[in-house]
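Colleague: Okay, structure incoming, though there's no sequence with it:
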């Protein structure tokens, strides 16, 4: 996507809107250039923020000593690839599968991410994890509709299917957003019952669960 020199300079002062449209599951998608990096937003949430995407930046720093052994990563919920960008900036280049059910989000990701070992799957994450026979060293669950975590993220069936797709010694990372008492209840069930012995990184309304096996 072409950006003028002026737009890039201005992006260090204010986010510069480059494109606006809609997606398969989002009525509004907006692409900004912010501090020289791509930022994807919906009406009420930031889906990707380059290498500054706080939930995954914090999670990957937490597991940094394990990352040299991570050769395959599954992102359930891709945005435009902040997770892949953060790993690359940290010096890690695993094989990556990006799963998202929004055609337009994946189109932008394909267009904006640099060439690397990436695969794009346009399918609902729950369906993908149901039918997949692949195993991964790291599974990142970052599934939202706006500011709402997709409900099946905190179900026993979904988490068990994710566990089945982990290689021995694998890691699960879950980004969960707590906006209400019901969200808090679901988060506590997820972190204490479905993913016990996890570490939780508190980023305000974002709670990031890191489970190593």
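Modeller: Received it, and whenever you're ready, just let me know what you need. Source: prediction; values computed, not measured.
Colleague: how close does the residue nearest in space to the middle of the chain sit to residue 208?
Modeller: Taking C-alpha atoms, centre = their mean as the criterion, residue 142 is the residue nearest the geometric centre of the chain, at 4.1 Å. With distances defined as C-beta to C-beta, to the nearest Å, the gap from residue 142 to residue 208 amounts to 10 Å. From N, CA and C alone the C-beta is placed, and that goes for glycine too.
Colleague: neighbours around the residue lying closest to residue 108 once chain neighbours are set aside, how many?
Modeller: With sequence-adjacent residues excluded and distances taken as C-beta to C-beta, 6 or more residues apart in numbering, residue 108 is closest to residue 80, at 5.0 Å. Counted with other C-beta atoms under 10 Å, residues neighbouring residue 80 total 26.
Colleague: cool, residue 108 as well?
Modeller: By the criterion of other C-beta under 10 Å, residue 108 has 25 neighbours.
Colleague: Am I right that it is in a helix?
Modeller: Yes: assessed by DSSP: H, G, I helix; E, B strand; the rest coil, residue 108 belongs to a helix.
Colleague: Now do the contacts for it.
Modeller: The neighbourhood of residue 108, defined by C-beta atoms under 8 Å, 6 or more residues apart in numbering, consists of 29, 31, 40, 80.
Colleague: For the residue nearest to the centre of the chain, give me the pLDDT.
Modeller: You'll see residue 142 listed with a pLDDT of 97.
Colleague: hang on, the earlier thing: overlap in contacts, residue 142 and residue 208.
Modeller: Shared contacts of residue 142 and residue 208 (C-beta under 8 Å, 6+ apart): 55, 56, 174, 175.
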